[in-house]
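Undergrad: For reference, the sequence and a predicted model appear below.
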Amino acid sequence: MMQTILVIITFLIAAGYLLKKFIWNPLTEKSRQTPSGTLDGGNTKCGKNNCGCH
């Protein structure tokens, strides 16, 4: 009986983790994203101008 309860608890924790990782986080990240001009959000290593280093 105790082993069954532990298996159910472990399964629920694992299922909750997978739901959070693959369903909840991608849905909430889409609403928080803001478009930027550069890949790293405008914080290029060589400044705001194009120095030709990449």
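TA: Alright, I've got the coordinates.
Undergrad: Now do the same for residue 15: its pLDDT.
TA: The model reports residue 15 with a pLDDT of 97.
Undergrad: burial count for it?
TA: 10 (other C-beta atoms under 10 Å). From N, CA and C alone the C-beta is placed, and that goes for glycine too.
Undergrad: ok, and for the helix or strand harbouring it, which residues are buried?
TA: Per DSSP states H and E: residue 15 is located in helix 2-19. By 16 or more other C-beta atoms under 10 Å, helix 2-19 has no buried positions at all.
Undergrad: Can you spell out which helices and strands pack onto that helix?
TA: For helix 2-19, there is no helix or strand it packs on, judged by 3 or more C-beta pairs under 8 Å, 6 or more residues apart in numbering; DSSP states H and E.
Undergrad: right, and the helix or strand after it?
TA: Downstream of helix 2-19 (by DSSP H and E), the next one is helix 25-32.
Undergrad: Could I get the average pLDDT for that following helix?
TA: Mean predicted confidence for helix 25-32 is 75.
Undergrad: now the angle from it to helix 2-19?
TA: 30 degrees (axes from the mean of the first three to the mean of the last three C-alpha atoms, to 10 degrees).
Undergrad: Need the CA coordinates for the helix holding residue 15. CSV is fine.
TA: The C-alpha trace of helix 2-19 is given here as CSV (Å, rounded to 0.1, in the frame of the first residue of the first chain):
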residue,chain,number,x,y,z
MET,A,2,2.7,2.5,1.0
GLN,A,3,4.7,1.6,-2.2
THR,A,4,1.7,2.3,-4.4
ILE,A,5,1.2,5.7,-2.8
LEU,A,6,4.9,6.6,-3.3
VAL,A,7,4.7,5.5,-7.0
ILE,A,8,1.6,7.7,-7.5
ILE,A,9,3.3,10.7,-5.8
THR,A,10,6.4,10.2,-8.0
PHE,A,11,4.3,9.9,-11.1
LEU,A,12,2.4,13.1,-10.3
ILE,A,13,5.6,15.0,-9.6
ALA,A,14,7.1,13.9,-12.9
ALA,A,15,3.9,14.6,-14.9
GLY,A,16,3.7,18.1,-13.3
TYR,A,17,7.3,18.8,-14.2
LEU,A,18,6.8,17.8,-17.8
LEU,A,19,3.6,19.9,-18.1
